[in-house]
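**Q** Give me the fold of what follows.
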Amino acid sequence: MDYNFYATISRMKYIDRWALMRNTRQENLSEHSLEVAMIAHALCVIGNTRYGKDLDAEHAAMIGIYHDASEIITGDMPTPIKYYNKDIKDAFKDIEREANTKLLSKLPDDLKEAYQNIFFKEDSHAYEWRLVKAADKLSALIKCMEEEKTGNREFVKAREASEKIVAGLSEELPEVSDFIRDFLPAFGKTLDEL
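**A** Take a look at the predicted model:
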């Protein structure tokens with residue numbers, strides 16, 4: 001029997017992000033997911049190393065890889081629409097849940113359980129899920145910074161909104177605060193400066 005899970009997941013490279021905005025460089029879902037996975041992993045390592053936590057960094061990275069996989073089915077819903085009001089936000093969460101269920105149905109039964117806790121939040125990894133969400137917001141901020149660095153003013157308001165969200169997260173999550181302080185400034189440097 002043919003199973004379509006991995007072939008379907010590989011289509012993340014065809015989903016463009018920031019569709020309503022003029023980009024100097026397009027970003028696809030695969031690129032974004034890799035960046036989120038790396039940042040989520042880093043946040044967990046920071047939590048474990050600096051704050052004595054027992055976080056599963058590898059699991060967080062896997063959540064990061066698949067965190068937006070539902071967009072293969074739904075497309076990338078622009079943030080102003082997705083979060084317009086509570087009803088739309090809740091409805092879209094239901095749609096994402098259904099899309100994830102559909103993706104998992106493309107796996108053989110004996111492999112589904114291994115992906116269940118990557119696609120669906122569970123209490124035992126609740127903090128890792130929060131860090132993946134924070135990594136997602138940091139990735140959005142980095143995209144805004146990169147676009148502005150090229151002179152693209154289209155991302156000014158998005159950067160301001162992202163900075164506000166990330167600042168709020170840094171008050172709740174010390175790992176985010178450390179990442180902002182220690183690593184975020186380097187994203188504004190040129191290759192020669194790195």
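**Q** For the residue nearest the centre of the chain, give me its contacts.
**A** Centroid-nearest residue in the chain, with CA atoms, centre = their mean: residue 136, separated by 3.2 Å. Counting by CB atoms under 8 Å, 6 or more residues apart in numbering, residue 136 touches 36, 64, 67-68. Where you see a C-beta, it was placed from the backbone N, CA and C, and this is true even at glycine.
**Q** Make TSV from those and add secondary structure to it.
**A** Formatted as TSV, the contacts of residue 136 follow (DSSP: H, G, I helix; E, B strand; the rest coil):
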residue	secondary structure
36	helix
64	helix
67	coil
68	coil
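**Q** In which helix or strand does the residue nearest to the centre of the chain reside?
**A** Following DSSP states H and E, one finds residue 136 within helix 126-149.
**Q** What are the buried residues along that helix?
**A** 127-148 (16 or more other CB atoms under 10 Å).
**Q** what about dumping the CA coordinates of the next helix or strand after it to CSV?
**A** As assigned by DSSP H and E, the chain's next helix or strand after helix 126-149 is helix 156-172. Below are the C-alpha coordinates for helix 156-172, written out as CSV (Å, rounded to 0.1, in the frame of the first residue of the first chain):
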residue,chain,number,x,y,z
VAL,A,156,8.1,48.0,9.6
LYS,A,157,4.6,47.6,11.3
ALA,A,158,5.0,43.8,11.3
ARG,A,159,8.4,44.2,13.0
GLU,A,160,6.9,46.5,15.6
ALA,A,161,4.1,44.1,16.3
SER,A,162,6.5,41.1,16.5
GLU,A,163,8.8,43.0,18.8
LYS,A,164,5.9,43.7,21.2
ILE,A,165,4.9,40.0,21.2
VAL,A,166,8.5,38.8,21.7
ALA,A,167,9.0,41.3,24.5
GLY,A,168,6.0,39.9,26.2
LEU,A,169,7.2,36.4,25.8
SER,A,170,10.6,37.3,27.2
GLU,A,171,8.9,38.4,30.4
GLU,A,172,7.4,34.9,30.8
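**Q** tilt between helix 156-172 and helix 126-149?
**A** 150 degrees (axes from the mean of the first three to the mean of the last three CA atoms, to 10 degrees).
**Q** And helix 156-172, what does it pack against?
**A** Here helix 156-172 touches helix 126-149, helix 174-182, going by 3 or more CB pairs under 8 Å, 6 or more residues apart in numbering; DSSP states H and E.
**Q** now the lowest-mean-pLDDT helix or strand in the chain, how far from the centre of its chain.
**A** Using mean pLDDT, DSSP states H and E, the weakest-scoring helix or strand in the chain turns out to be helix 79-82, at a mean of 71. Distance, stretch centre to chain centre, for helix 79-82: 16 Å (CA atoms, centre = their mean, to the nearest Å).
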